[in-house]
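Colleague: Okay, predicted coordinates and the sequence, questions at the end:
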Amino acid sequence: MQHLIESVLNQIESVVLGKPRECRLALACLLAKGHLLIEDLPGMGKTTLAHQLAISLGLSYQRTQFTSDLLPSDVIGVSIFNQELKNFELHKGPIFNQVVLADEINRASPKTQSALLEAMAENQVSIDGNTYNLPDPFFVIATQNPLFHSGTYPLPESQLDRFMMRLSLGFPDLKAEKKILQANQELSTNIHTNVLNPEQLLEMQQAVQSITVSSDVIDYVIALCQVSRYQYAMDKKLTQNKAVLSSGLQCNPLSPRAGKALLAAAKAWAYIEDRDYVLPDDVQAVFYEVCQHRLEPQQFQPNQNEVSAAKQILGLVDVLNPLAY
Amino acid sequence: MKIKYPLRKRASKQTIHKPTFCLSKSNAWLLWLSQVLNISMLVFELSNWMIAIVVLCFCLQAVRIHQNMKPDHGISQVNSITWVSFNTISPVLLLMFALVGCIAIALTAKGLGVLISMIHLLCFSYVLKAFELRSRKDFYQVTLLGFFVLASSLIFTQNLYFSVFAFMVLMLNLLVLYQYFSVVKTVPNNLKTILFLLLQSVILAVVLFVFFPRLSPFWQVPLAKSAQTGLSATVQPGDIAKLARSSELAFRVEFTQNTVPSYDKLYWRALVLDNYDGRQWSKSTRNNIWGLALFQKELQRLASLPTSEAIEYRVTVEPSFQQWLFALPVANSFDSSINLTSDYTLKSKKIISQTQSYLVKSYLNENKNRPLTKSEWELNLSYPENSNPRLESLANQLNSQFNTPEEIAKAVLRRFNNLDYFYTLEPPLLINNSLDQFFFDTKAGFCSHYASAFTFLMRAAGVPSRMVTGYMGGEVNRLNAKADSQGHLNIYQYDAHAWSEIWIAGQGWVRFDPTASVDPSRVNQGFSQRLSDQRDYLDNNFFSLQSMKHFAWINNLRLTLDLLDYQWTKLVIGYSAEKQYELIKRWFGQVKSWQYGLIIVGAIILVMMVLFFINAYSPKTNKVQTPKKPWGFLYNKSLKLLAKKGVNKSPDCSANHFVKQVNKEVPAIAKTFARFSHYFVQLSYQQLSKQQQSILFTKMKNEYRKLNQQVNKVSYKR
């Protein structure tokens, strides 16, 4: 399987230039059956990444541009009365694809956002009393503009929590940008074919789940979560010490779902690294992307000087002896 | 006021950019409180201007702490704790202030004496240091200075209550220190921990106190000037009345075997004043070699007397910063720190700067009849001519009327008794200390008036006589009375007294107390009701327990507290090298010095072991959780090994990442460490069977051995 992973990654990286880490994370998110939120400025390659991911994995793909007047039925689908057959016919919305790209999700009204997110959580939708299962694998890639842009409805914490990872692509470096500009013409015409088929992907997802996690790694995940919950003082020894209190840490607590997501992502990362067991390094590798959007307070003003809450938390937990401070 | 604004602005800028030293709000106040209390322990030793500076600094500090609490001054709010920064005063300004203060201390040093000026310096630096807490180091310094300030307060006062209070203040100091490290726990919680720790150290301290050899001090604490209390070296009529208003303790006496003599025999002689200059009585400074020689004989005689006639007692004197000691006549003492003077008084070899105790044997029925030398005879008869003409003529008249000195003396005493002489604490002022005026006109005075007039009369009548000052009586505290002991006597400053001694051929110096004729109750049971009322009225200390003697339970409480204080003084303050030797002898028999050393070491080891077991089995102590698995333990060992060479692993650095770090920092061992670490990672995170585990662990142990050898060859990195 490893060669397949390699070729998938190669293919994606050949399109999303200069961002190998982000590509791997996106793949890891998919392998861990999580949904991905990409937050970045317009034109940074969010859509390209999502599109290429869908193609490489051989999944059906549809993009929906979210606007403020988008209605839930525009996403999920709607039953329309068929005059000829005299019955209601379901017109499936874009959500019935395996990969759904919800572009600029924070431009839509909260109602529409909720409809999408509900579908993400349940893996099924209900239209007019009928329940329809969504395809498997099902993978939502949402993109959003940074919150300070005008005309955005920020996703509440509860809905942010549904996304396993939040990625930010960031500007490419000089080399990559040169390549992008040189190859622009070719790329748009370059047709990639699928490397995997959906069955292989499901197999991989199975394999990821069976990766060994030792109790030390679980302890590490627990300790990370505990430190983020320092305000609730669950484990006093771990969280009410000088190091934690003087770090000036300010964050929302990580939920158990966050802990599960962290572990799943770490497993997927280990799988991509071709290991059948998880190391704390894997947890550290995915921690920022998995947890930062859950940790950030809602009205967060990003400050260049400040260390992110995720990094602070990582610095506060002893990797080798996580539960004994 | 003008400069304040820009200063603060700059400071707040600093706090934003640099991480500065901060204390939590409550701890900042605690630090402030501990500083105030530490200084207040010394407040009586500080001069007024220093107190003013200290108070000013504390007020400023309080205002700053208060202002700092507003959340706009570089303070972060974490977990509802407000952090207070202490670094808000310009260092230049602080330096200037410190320099000015030091110069002021230097200038006044001459008048204050070395000790007091050093304490000024200590307090000054202690108060100022709190304004520049920039780092943890500064905080430690302030705490350490606090301990010094607190300890130096014990130079001046050592009684039980003060010591207990000092102990509490010490606890507060420790609390500040402890609170800094565990901000979140509540104060009572931390106090509990501190008490637990202090209890352990107290046990150790007690053992050291009892067993550690009492070395003579390597340096002498220079003595404070002034501060002399009690009787003074010279007496003018009316002097002792001032003392009579003080209810401070002068000394204590414990009669070890004998019963306490009756009240009217308790004349505690302190000073013999034989030189009269017309105004005041003083001790003659003449060198009296012959007298000393004669006194040596007298001492031999006393030593040869049967001990059954002597009463034995232990006197514990409070620091008076003078040299004279107190004893009943005729006293003999074998204490090495005491000189016996030729006028039958005791004198300490050193100035009594701390509580001192000594054993005395007194022969109450013996006479003080050492023969007088010629010069002594003359001295005890001399008085300035025409200083008190009316008394002189009265003396001549008496001289012609009676034959023996005794009769003359008794006639004078009768006169005191029969005429309307009046015993009072508030005697009218005498012009030029004229005894004539007192004797014939005002007729009101205190013991020193009567003793002066009496002695003068006797001298004028040709009878050698002298003035003696000391204390009369004492209050018995029978609370600790046992079969072999009668409790102890407390002698307060208001028991100060003056009387006369006249020379009678054959009997030597005989005591005459003219006060007894005026107010007999003074020498029978202490102050009469009228006089003690007067005293209470004059006493500033209205609420002292002394003034409420007539309530039985208060009196009982006072006596109990007094007993506690006495035991403290006797057992703790008075625990000298001699007593230590006696104690060891009693417990272990005669010991050689090496055996003694063994005893000390043994005792310390014993205590350490007890403390160790207390700690080891106490459920509350926060032990650092050791890794449960053996490979984790081995890996930690390797980390310690590397830390010794200056390679430190930060907690968030994973094992694999650390391999890279080691590779960069100590390439010599990188390969071995990489293998070692790899086994550790496999053991920790991979799913392995028991057999695989044991194989890998053996390999890991082998690598560790190699690593150990290689690390020792590597020289220290930095």
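Modeller: Looks like it came in fine.
Colleague: thinking B:G462 is in contact with B:N399, fair?
Modeller: Yes: assessed by C-beta atoms under 8 Å, B:G462 is found in contact with B:N399 at 6.2 Å. Glycine gets a C-beta too; all of them are placed from N, C-alpha and C.
Colleague: Count residues in the vicinity of the spatially closest residue to B:N399 that is not a sequence neighbour, would you?
Modeller: Excluding the flanking residues, the one nearest B:N399 by C-beta to C-beta, 6 or more residues apart in numbering or on different chains is B:A461, at 4.6 Å. When neighbours are defined as other C-beta atoms under 10 Å in any protein chain shown, B:A461 has 26 of them.
Colleague: B:N396 versus B:A461, what's the distance?
Modeller: Applying C-beta to C-beta, to the nearest Å, one obtains 8 Å for the distance of B:A461 from B:N396.
Colleague: circling back to that earlier point, the residue nearest to B:N399 reaches B:A395, doesn't it?
Modeller: Yes: B:A461 lies in contact with B:A395 (C-beta under 8 Å); the separation is 4.1 Å.
Colleague: Next, count neighbours for B:G597.
Modeller: Counted with other C-beta under 10 Å, the neighbours of B:G597 add up to 12.
Colleague: Go ahead and name everything in contact with the helix or strand that contains it.
Modeller: Here B:G597, judged by DSSP states H and E, is contained in helix B:593-617. By C-beta atoms under 8 Å, 6 or more residues apart in numbering or on different chains, the surrounding residues in contact with helix B:593-617 are B:200, B:203-204, B:207-208, B:210-213, B:584, B:588, B:591, B:621.
Colleague: Next: stretch B:417-424.
Modeller: Contacts of stretch B:417-424 (C-beta under 8 Å, 6+ apart): B:443-447, B:450, B:515, B:517-519, B:522, B:531, B:534.
Colleague: what's the span of it from first residue to last?
Modeller: Length of stretch B:417-424, first residue to last, C-alpha to C-alpha, to the nearest Å: 15 Å.
Colleague: Give the buried residues for it.
Modeller: Buried positions in stretch B:417-424, judged by neighbour count with 16 or more other C-beta atoms under 10 Å in any protein chain shown: B:Y421, B:Y423, B:T424.
Colleague: List the ones among those residues that fall in strands.
Modeller: If you go by DSSP state E, the buried residues of stretch B:417-424 have B:Y423 in strands.
Colleague: so can I have JSON lines of the buried residues of stretch B:417-424 showing pLDDT?
Modeller: Below are the buried residues of stretch B:417-424 laid out as JSON lines (pLDDT from 0 to 100):
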{"residue": "B:Y421", "pLDDT": "84"}
{"residue": "B:Y423", "pLDDT": "82"}
{"residue": "B:T424", "pLDDT": "80"}
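Colleague: And the buried residues of stretch B:417-424, which is closest to A:S168?
Modeller: Closest approach between the buried residues of stretch B:417-424 and A:S168, by C-beta to C-beta: B:T424, at 97.1 Å.
Colleague: center of the chain, which residue is that?
Modeller: Picking chain A for this. Centroid check for chain A by C-alpha atoms, centre = their mean gives A:L36 as the closest residue, at 2.2 Å.
Colleague: Actually, chain B is the one I wanted.
Modeller: With distances taken as C-alpha atoms, centre = their mean, B:Q158 lies nearest the centre of chain B, 2.6 Å away.
Colleague: what about that residue, distance to chain A?
Modeller: Going from B:Q158 to chain A by C-beta to the nearest C-beta, to the nearest Å gives 38 Å.
Colleague: Checking my notes, that residue in a helix, right?
Modeller: No: counting by DSSP: H, G, I helix; E, B strand; the rest coil, B:Q158 is located in no helix; its state is coil.
Colleague: That one against B:I573, yeah?
Modeller: Yes: the criterion here is C-beta under 8 Å, and B:Q158 meets it with B:I573 at 5.3 Å.
Colleague: which neighbours do those two share?
Modeller: B:Q354, B:T355.
Colleague: ok now stretch A:216-231, how far from the chain's centre?
Modeller: Offset of stretch A:216-231 from its chain centre (C-alpha atoms, centre = their mean, to the nearest Å): 21 Å.
Colleague: meant to ask about stretch B:606-616, not that
Modeller: The answer for stretch B:606-616 is 31 Å, by C-alpha atoms, centre = their mean.
Colleague: tell me which residues in it are buried?
Modeller: Quick answer for stretch B:606-616 (16+ other C-beta under 10 Å): B:V607.
Colleague: Please identify the buried residues of stretch A:127-145?
Modeller: A:I127, A:L134, A:P135, A:P137, A:F138, A:F139, A:V140, A:I141, A:A142, A:T143, A:Q144, A:N145.
Colleague: now do stretch B:669-688
Modeller: B:669-670, B:672-686, B:688.
Colleague: Spatially nearest residue to residue 316, not counting backbone neighbours?
Modeller: No chain was given, so I picked chain A. Distances taken as C-beta to C-beta, 6+ apart put A:V227 closest to A:L316, at 5.2 Å, once the chain neighbours are dropped.
Colleague: let's do chain B instead
Modeller: B:S357 (4.0 Å).
Colleague: State the distance from that neighbour to B:S125.
Modeller: 36 Å.
Colleague: and these two? which has more neighbours close in?
Modeller: More crowded of B:S357 and B:S125, by other C-beta under 10 Å: B:S357, with 20 against 17.
Colleague: Name all residues that make contact with the more buried one.
Modeller: Going by C-beta under 8 Å, 6+ apart, B:S357 touches B:R314, B:V315, B:T316, B:V317, B:T569, B:K570, B:G574.
Colleague: now, which of those residues lie within strands?
Modeller: B:R314, B:V315, B:T316, B:V317.
Colleague: Neighbours of the first one, how many?
Modeller: What that stands for is B:R314. 17.
Colleague: Is it correct that it is in contact with B:F251?
Modeller: No: applying C-beta under 8 Å, one finds B:R314 not in contact with B:F251, separated by 10.5 Å.
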